[in-house]
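1. Could you work out the structure for the sequence below:
(one chain, ligands or ions: 1)
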Amino acid sequence: MEFSLDLNDEQTELRDWVHGFARDVLRPAGAEWDAREETPWPVIKEAAKVGLYGFEFLANAWSDPSGLSMPIANEELFWGDAGLAMSIFGTSLAVAAIFGSGTPDQLAEWVPPCFGDESAPALGAFCSTEPEAGSDVGAIRTRAVYDQATDEWVLNGQKAYATNGGIAAVHVVTASVDPALGSRGQAAFVVPPGSKGLSSPRKLAKLGLRASHTADVFLDDVRVPGRCLLGGRDALDARLAKARNNERAAGQASMRTFELSRPTVGAQALGVARAAYEYSLDYARTRVQFGRPIVENQAIAFALADMRMEIDAARMLVWRAAWMGRNNRPFAAGEGSMSKLKAGEVAVAVTEKAVQILGGAGYLREHPVERWYRDAKIYTIFEGTSEIQRLVIARAISGHQIR
Ligand SMILES: Cc1cc2nc3c(=O)[nH]c(=O)nc-3n(C[C@H](O)[C@H](O)[C@H](O)COP(=O)(O)OP(=O)(O)OC[C@H]3O[C@@H](n4cnc5c(N)ncnc54)[C@H](O)[C@@H]3O)c2cc1C
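-> Numbering: from 1, shown residues only. Model (predicted):
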């Protein structure tokens, strides 16, 4: 499909609908749930009720041939409030893993319990990071061993910082089936609701995204049925055989998967940045010092001009990467990484400027910019840090194994 900046009717409708929800439900509730640091079940229920939380919503957004629906929806949702939006959107990490690696039968079996239903919504968690394996995903120590006698996989290990970890109905866990192969010897497993041996002691206290639940997850002899291996046994065996023969395909495929999800994360950062930009622009127009609105000082107006320019530039990178991913273009220069890197760094810079433009008011909890400033920082850290994004781009453009 041709790339176009003109949103079609469906995209405009989607944007306005999600924006309305973000404005009416998320924005007014953001400060309260940030302070409570609890999972906002009533908000998740509301999202489920209107059809914003569920597989149909994701499937519709994913099916847009331009690729733009997903970033458009994410930007609007996270414009409302990032902590609440992550509580709604966190499940999609697990769903994306099932969708990306699972068979149609696995999709049908495991996606519905990730969401529950309107009256009793549930959550999904994607657990990859470990205490010793953050940026270095190849260092994962969680082991999956097949027990032929019972046709079960036995999982042992510890996962770190999992969004919805421990409170999710469905956990998707990455584990090593052949440690000698590093990241190419890994597979993803569904841990069904109520599985024995999975525990999570507590929600972790964070700088931002405080409504969103983040927790360590422990796997102690967790037995899952053989059918919980995403993609199935034959696909795994074929992949491992390729890796053992040192064929590149497996590694390249997982790199592309990461690149595909990055524009969506970039769009979330954009939402936070745009919220702070709009708020500080309004404030600068009305706050009077020295007998005139502070926006009439170039120092303030130029800062706002830069904020707007950077947000627009980041959106172009996000939309380009989203379009490329959906239209099977190769990410020859790490364009997925570029989009997330730029948007994450813009979110941090723009929210910092917004606090500055509000002066003392910006530092107080009476205004949301201090929260957005805290929320924005996650976007240079999760789903690959800024340094790792630079590494991907540098390797792609140079062809060298930069360290
Ligand atoms: C709120 C939150 C939610 C999260 N949700 C999830 C989730 O749902 N599922 C999940 O699996 N994970 C999740 N994570 C984990 C997240 O993806 C990791 O924190 C992230 O990948 C970084 O890993 P790390 O924290 O171990 O940092 P490290 O890898 O230890 O990095 C520390 C620093 O060293 C730098 N560094 C490391 N290697 C290099 C290198 N080769 N070159 C240059 N610099 C380098 C990094 O950029 C960083 O600045 C979440 C984290 C947070 C904070």
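2. Please list all residues in contact with the residue of the chain found nearest the ligand.
-> As assessed by CB to the nearest ligand atom, the ligand sits closest to residue 134 within the chain, at 1.7 Å. All C-beta spots, glycine's among them, are computed from the backbone N, C-alpha and C. Contacts of residue 134 were listed using CB atoms under 8 Å, 6 or more residues apart in numbering, and they are residue 160.
3. Please tell me how far it sits from residue 384.
-> Distance of residue 134 to residue 384, computed by CB to CB, to the nearest Å: 10 Å.
4. mind listing what's buried in stretch 323-340?
-> For stretch 323-340, burial by neighbour count (16 or more other CB atoms under 10 Å) applies to 323, 324, 325, 326, 331, 334, 335, 336, 337, 338, 339, 340.
5. need these in CSV with pLDDT, can you?
-> Formatted as CSV, these follow (pLDDT from 0 to 100):
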residue, pLDDT
323, 97
324, 97
325, 95
326, 95
331, 94
334, 96
335, 97
336, 97
337, 97
338, 98
339, 98
340, 98
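6. ok, residue 69 to residue 271 distance?
-> Going from residue 69 to residue 271 by CB to CB gives 15 Å.
7. higher neighbour count, the two?
-> The neighbour comparison of residue 69 against residue 271 (other CB atoms under 10 Å) goes to residue 271, with 30 against 25.
8. nearest spatial neighbour of the more buried one, skipping sequence neighbours?
-> What sits nearest to residue 271 in space, not counting adjacent residues and going by CB to CB, 6 or more residues apart in numbering, is residue 78, at 3.1 Å.
9. Could you pick out the residues of the stretch 51-200 of the chain near the ligand for me?
-> Residues of the stretch 51-200 of the chain lying near the ligand by CB under 6 Å from any ligand atom: 93, 126, 127, 128, 129, 134, 135, 161, 162, 163.
10. is it true that the fifth one touches residue 157?
-> Spelled out, that is residue 129. No - in this structure residue 129 lies outside contact range of residue 157 using CB atoms under 8 Å: 11.4 Å.
11. Wondering if the lowest-mean-pLDDT helix or strand in the chain reaches the ligand at all.
-> Sorting the helices and strands of the chain by mean pLDDT, DSSP states H and E puts helix 249-286 at the bottom, at a mean of 88. No - on the criterion CB under 6 Å from any ligand atom, helix 249-286 is out of touch with the ligand, staying 10.2 Å away.
12. May I see the buried residues of that helix?
-> Of the residues in helix 249-286, 250-251, 254-255, 258-277, 279-281, 283-284 count as buried by neighbour count, 16+ other CB under 10 Å.
13. which secondary structure elements does it contact?
-> helix 69-80, helix 82-89, helix 233-244, strand 292-293, helix 298-326, helix 335-358, helix 369-376, helix 386-398 (3 or more CB pairs under 8 Å, 6 or more residues apart in numbering; DSSP states H and E).
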